[in-house]
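Undergrad: Quick one, structure for this:
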Amino acid sequence: MSAIDMTKVYRDYKGKWVALEGPESNKVVAFGKNLKKVVADAEKKGYKMPVMMQVPKRFLPIVGAPQIVR
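TA: Predicted structure coming up:
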């Protein structure tokens, strides 16, 4: 599996639920503020098992590596 560029999803759907076409896709098939409605909209379009995610309102990058405490 290769990396997927989710930049557009994070930029365009901040704070919303999105239904993605599949686990290896960044194609949004439905979106909205209500999870049940987004699932229903995706199912109406023929996607029985879309990948659901809630896009954060703010994206905070992680810098550095975790410190191992012994």
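
Undergrad: What ranges does this structure have for its strands?
TA: Counting by DSSP state E, the chain has strands at residues 17-20, 28-32, 51-54.

Undergrad: Pick the most deeply packed of these.
TA: The highest mean neighbour count among the strands of the chain, using mean count of other CB atoms under 10 Å, belongs to strand 17-20: a mean of 22. For glycine as for every other residue, the C-beta is placed from the backbone atoms N, C-alpha and C.

Undergrad: contacting residues around the closest residue to residue 35 other than its chain neighbours?
TA: What sits nearest to residue 35 in space, not counting adjacent residues and going by CB to CB, 6 or more residues apart in numbering, is residue 17, at 4.9 Å. Contact partners of residue 17, counting by CB atoms under 8 Å, 6 or more residues apart in numbering, are 31-35, 38, 52-55.

Undergrad: let's see it at 10 Å
TA: Residues counted as contacts of residue 17 (CB atoms under 10 Å, 6 or more residues apart in numbering) are 30-39, 52-55.

Undergrad: check contacts around the residue positioned nearest the centre of the chain.
TA: The centroid of the chain falls nearest to residue 53 when counting by CA atoms, centre = their mean (3.8 Å). Residue 53 is in contact with 6, 9, 13, 16-20, 28, counting by CB under 10 Å, 6+ apart.

Undergrad: For the contacts of residue 17, name the two members farthest from one another.
TA: Using CB to CB, the two most remote members of the contacts of residue 17 are 36 and 55, lying 17.1 Å apart.

Undergrad: which one of those two has more residues nearby?
TA: residue 55 (18 against 9; other CB atoms under 10 Å).

Undergrad: before we move on, back to that, and the gap between the residue nearest to residue 35 and residue 41?
TA: Noted for residue 17: a distance of 10 Å to residue 41, by CB to CB, to the nearest Å.

Undergrad: Tell me how far stretch 25-34 lies from the chain's centre.
TA: The chain centre lies 7 Å from the centre of stretch 25-34; the measure is CA atoms, centre = their mean, to the nearest Å.

Undergrad: From the opening residue of it to its closing one, how far?
TA: Using CA to CA, to the nearest Å, one end of stretch 25-34 lies 22 Å from the other.

Undergrad: Regarding the chain, what is its longest helix?
TA: helix 35-44 (DSSP state H).
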